[in-house]
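Trainee: What shape does this take:
(one chain, ligands or ions: 1)
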Amino acid sequence: MISSPHTGDAAVVDDLTIDYPARRPSPAHRAVDGVSIRVGSNEVIGLVGETGSGKSTLARVLAGDLTSARGTDPAPVISGGQAHVLGHALRGIRRKALTQLTFHVAYLPQDAAARLSPELTVADIIGEPILARDRHYNRKAVGLRVATMLDQVQLPLALLDKYPFELSSGQRQRVAIARSLVLSPRLFIADEPTAGIDVTVRASINELIERLRVEGDFAAILVSHDLPLLRHTTRRVAALHQGRIVGLAPIDELLRERAHPFLAGLAEADEHSVVDANRPA
Ligand SMILES: Nc1ncnc2c1ncn2[C@@H]1O[C@H](COP(=O)(O)OP(=O)(O)OP(=O)(O)O)[C@@H](O)[C@H]1O
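Mentor: Alright, predicted model coming up:
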């Protein structure tokens, strides 16, 4: 059990259990089962695990996305333990506190790129969170911030007036990242942030996250199997299996120890990719 939250921590998760309530014909489902983990105020932590292990559910709940049902899918419910995010207890949190919290927590869901508003330009998409918070915010300052964010994800300014349908899926993902970071969050929770992004530009995302961490007051939880990203940005990675933590260590230690078949599979895929990279063309 993790003792009382240190106010400086980005997240303190203590014996957290998360269920999806029953919705006919599906019975209730336990997605996260007694997870404890601490994320420092300036720490980037990784989350790995096979499909269905509960990574997205944990990320979603820690991001404060506790209420919205997705289509007909029920929203997750904290049914045991507690999680403090930036000092706020999530279990039983009131709407006002949740709104305050989400000003400082950026959430990049797995389908963020597909959910960009089709009727808005790239400039409007990235700048929207600023104006949603303060609609009188100086437009010129918004424009400057949007351009800076676009540059940070290595997209050309020529894309500012484009619509999502005019972009590649990797470009859309980078727009989604720029949008989620535009308010300078203290905690960035990202579900597969480099998914769909070309390997040649992934390094820029790795560097961006590392730079934000070094600049200070920035923590992140990255759900990802992108080993270069995990190696570049995290010191510790939690491995989940059936909603429980089965390993918590630097990524290369997890791959070396192979404490779970899933980690053995990841290590083997990594070995093959190294062999392939060294093979003459
Ligand atoms: N809205 C929902 N209602 C009911 N069960 C759900 C819902 N969302 C997810 N689950 C179930 O909860 C478990 C954990 O799902 P989750 O999406 O968190 O796993 P994951 O590790 O992120 O998987 P993936 O890598 O495929 O995204 C799975 O068994 C999944 O089927």
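Trainee: Report how many residues lie close to the nearest residue to residue 29 once chain neighbours are set aside.
Mentor: Among residues not flanking residue 29 along the chain, residue 20 sits closest, at 4.6 Å (Cβ to Cβ, 6 or more residues apart in numbering). Any C-beta I mention is one placed from the backbone N, CA and C, and that applies to glycine too. Residue 20: 18 surrounding residues under other Cβ atoms under 10 Å.
Trainee: Contact partners for residue 17?
Mentor: With contacts defined as Cβ atoms under 8 Å, 6 or more residues apart in numbering, residue 17 is in contact with 30, 32-35, 78-81.
Trainee: count of residues packed around the closest residue to residue 155 other than its chain neighbours?
Mentor: Using Cβ to Cβ, 6+ apart and skipping the chain neighbours, the partner closest in space to residue 155 is residue 174 (5.5 Å). Neighbours of residue 174 under the rule other Cβ under 10 Å: 30.
Trainee: that older thread, run through the contacts of residue 17 and flag the ones next to the ligand.
Mentor: Contacts with the ligand are made by none of those, judged by Cβ under 6 Å from any ligand atom.
Trainee: Highest neighbour count among those residues?
Mentor: Busiest of these [other Cβ under 10 Å] is residue 32, holding 27 neighbours.
Trainee: these two touch, right, that one and residue 60?
Mentor: No: look at residue 32 against residue 60 with Cβ atoms under 8 Å: they stay out of range, at 10.1 Å.
Trainee: and residue 241, how far is that from the ligand?
Mentor: Per Cβ to the nearest ligand atom, to the nearest Å, residue 241 is found 9 Å from the ligand.
Trainee: List the contacts of that residue.
Mentor: Counted by Cβ under 8 Å, 6+ apart, residue 241 has contacts 49-50, 53, 260, 262.
Trainee: one step back: mind checking the SS state of the residue nearest to residue 155?
Mentor: Classification of residue 174 by DSSP: H, G, I helix; E, B strand; the rest coil places it in helix.
Trainee: Distance check, it against the ligand.
Mentor: As judged by Cβ to the nearest ligand atom, residue 174 and the ligand stand 20 Å apart.
Trainee: How about the contacts made by that residue?
Mentor: Counting by Cβ under 8 Å, 6+ apart, residue 174 touches 153-155, 197, 201, 205.
Trainee: from the contacts of residue 17, which ones fall inside strands?
Mentor: Those of these mapping onto strands are 30, 32-35, 78-81, per DSSP state E.
Trainee: any chance of these in JSON lines, with pLDDT too?
Mentor: Output for the ones in strands among the contacts of residue 17, formatted as JSON lines (pLDDT from 0 to 100):
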{"residue": "30", "pLDDT": "95"}
{"residue": "32", "pLDDT": "97"}
{"residue": "33", "pLDDT": "97"}
{"residue": "34", "pLDDT": "97"}
{"residue": "35", "pLDDT": "98"}
{"residue": "78", "pLDDT": "95"}
{"residue": "79", "pLDDT": "94"}
{"residue": "80", "pLDDT": "96"}
{"residue": "81", "pLDDT": "97"}
